[in-house]
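>>> how would this look folded up:
(chains A and B)
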Amino acid sequence: MGKFHHTVSRRDFMKGLGLTAAGVGAASVVNPGFHDLDEVAASPGGELKRAWWVKENDFGVPATLEIDWSIVKRRDRSKISTFPYRASTHPNAVYGREHYDELVKKTINHAAPDWQSDDIRDLAINGAAGVLRFYNYYTPAGKTQFMGLQKAATPESRNMARWEGTPEENTRMLRQAGRLFGASSVHVTLMDENTEKLIFSKESNGKAYNFVNDDTLAETDSEYRIPARFKYMVTWTHLQPTELTLREPSELGRSATSLAYTRLPVIAAQMQEFVAGLGYHGINAWSGEMAPSNPFGALSGVGEHSRFGFAIITPELGSMVRGMCRMLTDLPLEPTKPIDAGISRFCLNCATCAKFCAFDALPLDDPNWEPLKESETGVPFSPDGFKGWRLNTVSCSNCAGCQAFCPFNSSGRSSFIHEFVAGTSSITPIFNGFFANMEELMHYGNKDPKTWWDNEEYLYGINPKFI
Amino acid sequence: MELTFMWIVITAVIVLGLVQLFSWTKKNDAKPAWWVWGLGAVGLLLVLMAIQHYFGTIEEMYPTAAWMGALIFIVPGIILMALFGWRLSASKS
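The predicted structure is shown next:
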């Protein structure tokens, strides 16, 4: 590495300019860590930049999510129905399916009292946006998510040595690559005896995930064999088109979800192939197989556990994220720390999403240790081992309306007030109830779907304030 | 771009206003108490916050939040500035 760097150091450069020693000293205070011009040029790439009000906690210990690892056990994915609403005979699910349009309209009418229904152009947008959602690039190529597309040239095929970098460099490098591909925030969890419990024992197709002592990564008809060197779980999010997210749960607004799910498999494949191109391997788990996303999002500091139950909320992107990917890799990485940005505490006093959920799927109660009981709710699987909120998956229609109401969607936007509120609530929760009430009173949250057609859309649908 | 231009104009107006204010106090030998200056500074800050919030929130396309928030900041801002003006004029010799 070093031999490719320029030989002109910053000191020589400054001397050459004839600056005084005082000037050099002042420059050192501003940029104390740089050793040469290449470092100056390369330093911002891949750095994790967060607001001052986002505090970090110890590795593996989310500040705002209590986990009892003695309760957490490896689950069989083939026995878990993620969204039983679609086929459940429970009265809530049946009522939701039969009255879906009416319930969704009620939510949208909060911002747009005259809104009746999506018209054909709204439906056409969502149809087009989602035409390639979750597109399976693997099966037509005769490959699997586990082993990857294996299309990118590897160091062996280039007759070159594989990439060797420090874990810190590698994490920054992966984050930089991820941003290029469209992964909103790349974070890392170190796999240990606790986090390994989050890996499903079996996939939906019945294949077992086995951690093995030998060094060969392999996929057979009955199992996935994962060598011990796969110690790093990479997580990243996808920012949904921002203005459309605020128009959920209309079909027009739901095209935000469709677009995120369309971009997801492409970005996942690119991340996997990038790692392969470096001479390592990434095991993709974006389809909800291998491991749940929420705990890894909280453990790696992508965001915080929230009242949504199944989804985290991030300080930078609020609830506008969708389809958080997981990729287990043997590329040595520096883990990222869990965060405390006051999000979970805000959820405690807020509950705006739950109040506006027309399907009564989001919890209005406080965080607790108890999974939902099937005898009471009809929910066949509810996760345990943590103190938090749980989504009623029998009632949840996956309409995504809750996303439009989250106050954290305002983070980083144009008015100073959002930064002020986020900063204040990270320091003290005493104003959270007031802030949540003001959010509602001032008609933040969802927007009239019809207005989307009258405002120029951002490129890729993403407000640049969020990136 | 439009907002940047607006802030340049606002900054210029504030600078000119301050120059006028200081020359007026000198000319009239006005010596207000320290807290009178505090009233004026906080009042001006609140008015600026109202402007930033209003245009920022209009950009976010939340018109109700824009005018409501602006009102919350501008009303106390104007009251404080009026108090400042009153106490300042009362302090001239």
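>>> B:W67 reaches B:Y54, doesn't it?
Yes. In terms of Cβ atoms under 8 Å, B:W67 counts as a neighbour of B:Y54; the distance is 7.0 Å. From N, CA and C alone the C-beta is placed, and that goes for glycine too.
>>> more neighbours, those two?
In this comparison of B:W67 against B:Y54, neighbours counted by other Cβ atoms under 10 Å in any protein chain shown, the higher total goes to B:Y54 at 21 against 16.
>>> so how far is chain A from the more buried one?
As for B:Y54, its distance to chain A is 8 Å (criterion: Cβ to the nearest Cβ, to the nearest Å).
>>> and that residue, how far from B:A12?
19 Å (Cβ to Cβ, to the nearest Å).
>>> next one: A:E156
Note on A:E156: its distance to B:A12, by Cβ to Cβ, is 64 Å.
>>> what does A:V379 give?
The value you get for A:V379 to B:A12, if Cβ to Cβ is used, is 62 Å.
>>> got it, and A:E440?
As defined by Cβ to Cβ, A:E440 lies at a distance of 38 Å from B:A12.
>>> those two - which one has more neighbours?
For A:E440 versus B:A12, neighbours defined as other Cβ under 10 Å are more numerous around A:E440 (17 against 10).
>>> now the more buried one: which helix or strand?
A:E440 belongs to helix A:432-441 when elements are defined using DSSP states H and E.
>>> just A:Y135 next, same as before
Take DSSP H and E as the rule and A:Y135 turns out to sit in neither a helix nor a strand.
>>> longest helix in chain B, please.
Ordering each helix of chain B by length in residues (DSSP state H) puts helix B:63-90 first.
>>> tell me the mean pLDDT for that helix?
Averaged across helix B:63-90, the pLDDT comes to 96.
>>> so for that helix, what gets flagged as buried?
Along helix B:63-90, these residues count as buried under the neighbour rule (16 or more other Cβ atoms under 10 Å in any protein chain shown): B:65-70, B:72-74, B:77, B:80-81, B:84, B:87-88.
>>> got the residues of chain A near chain B?
Contact residues of chain A with respect to chain B, defined by Cβ under 8 Å from any Cβ of the partner chain, are listed as A:243, A:410, A:413-417, A:441-444, A:447, A:451, A:455.
>>> ok, the residues you listed vs B:V19, which is closest?
Within those, proximity to B:V19 (Cβ to Cβ) peaks at A:F416, which comes in at 26.7 Å.
>>> the bottom helix or strand of chain A by mean pLDDT?
Comparing helices and strands within chain A by mean pLDDT, DSSP states H and E singles out helix A:21-30 as the least confident, with a mean of 38.
>>> help me confirm that A:K105 is found in a helix?
Yes. Assigned with DSSP: H, G, I helix; E, B strand; the rest coil, A:K105 falls within a helix.
>>> wait, doesn't it sit right on A:D118?
No. Proximity of A:K105 to A:D118 does not meet the contact threshold set by Cβ under 8 Å, at 10.0 Å.
>>> what residues are up against B:Q52?
A:415-416 (Cβ atoms under 8 Å, 6 or more residues apart in numbering or on different chains).
>>> sec struct for it, please.
helix.
>>> and the pLDDT at it?
With respect to pLDDT, B:Q52 has a value of 96.
>>> now it: how far from A:F408?
Note on B:Q52: its distance to A:F408, by Cβ to Cβ, is 21 Å.
>>> so which bits of chain B are right by chain A?
Counting by Cβ under 8 Å from any Cβ, the residues of chain B that sit close to chain A are B:49, B:52-53, B:55-57, B:59-62, B:64-65, B:68-69.
>>> okay, among these, which ones form the most distant pair?
Of all pairs drawn from the residues of chain B next to chain A, the one with the largest separation by Cβ to Cβ is B:M49 and B:M61; the distance is 20.0 Å.
>>> going along the chain, name the strands of chain A.
Secondary structure of chain A (DSSP state E): strands at A:55-56, A:66-67, A:187-190, A:208-212, A:218-219, A:223-227, A:232-239, A:282-284, A:304-305, A:312-313, A:321-329, A:339-340, A:386-387.
>>> can I get these in CSV with mean pLDDT?
As requested, the strands of chain A are arranged in CSV below (pLDDT from 0 to 100):
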stretch, mean pLDDT
strand A:55-56, 94
strand A:66-67, 94
strand A:187-190, 96
strand A:208-212, 95
strand A:218-219, 94
strand A:223-227, 96
strand A:232-239, 95
strand A:282-284, 93
strand A:304-305, 96
strand A:312-313, 95
strand A:321-329, 93
strand A:339-340, 96
strand A:386-387, 95
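>>> so who does residue 80 touch?
Assuming you mean chain A. With the criterion set at Cβ under 8 Å, 6+ apart, A:I80 makes contact with A:380-381.
>>> wrong one, chain B
B:39-40, B:42-43, B:46.
>>> what number of residues lie near A:S250?
For A:S250, the number of neighbouring residues by other Cβ under 10 Å comes to 30.
>>> likewise A:L364?
Neighbours of A:L364 under the rule other Cβ under 10 Å: 11.
>>> what sits against it?
Residues near A:L364 by Cβ under 8 Å, 6+ apart: A:351, A:354-355.
>>> between those residues, which is nearest A:T82?
Using Cβ to Cβ, A:A354 comes nearest to A:T82 of the contacts of A:L364, at 20.0 Å.
>>> residues contacting the closest residue to the closest one other than its chain neighbours?
Beyond its immediate neighbours in the sequence, the residue positioned closest to A:A354 (Cβ to Cβ, 6 or more residues apart in numbering or on different chains) is A:L362, lying 3.9 Å away. With contact taken as Cβ under 8 Å, 6+ apart, A:L362 is in contact with A:307-309, A:351, A:353-354, A:389, A:391-392, A:396, A:402.
>>> how about 7 Å then?
A:307-309, A:353-354, A:391, A:402 (Cβ atoms under 7 Å, 6 or more residues apart in numbering or on different chains).
>>> again with A:A111
By Cβ under 7 Å, 6+ apart, the residues touching A:A111 are A:445-448.
>>> nearest to A:N92, of the residues you listed?
A:N446 (22.9 Å).
>>> number of residues surrounding A:T220?
Taking other Cβ under 10 Å as the neighbour definition, A:T220 ends up with a count of 10.
>>> per-residue confidence at the residue lying closest to it once chain neighbours are set aside?
For A:T220, the nearest residue in space outside its immediate sequence neighbours is A:K207; the separation is 8.0 Å by Cβ to Cβ, 6+ apart. On pLDDT, A:K207 comes in at 93.
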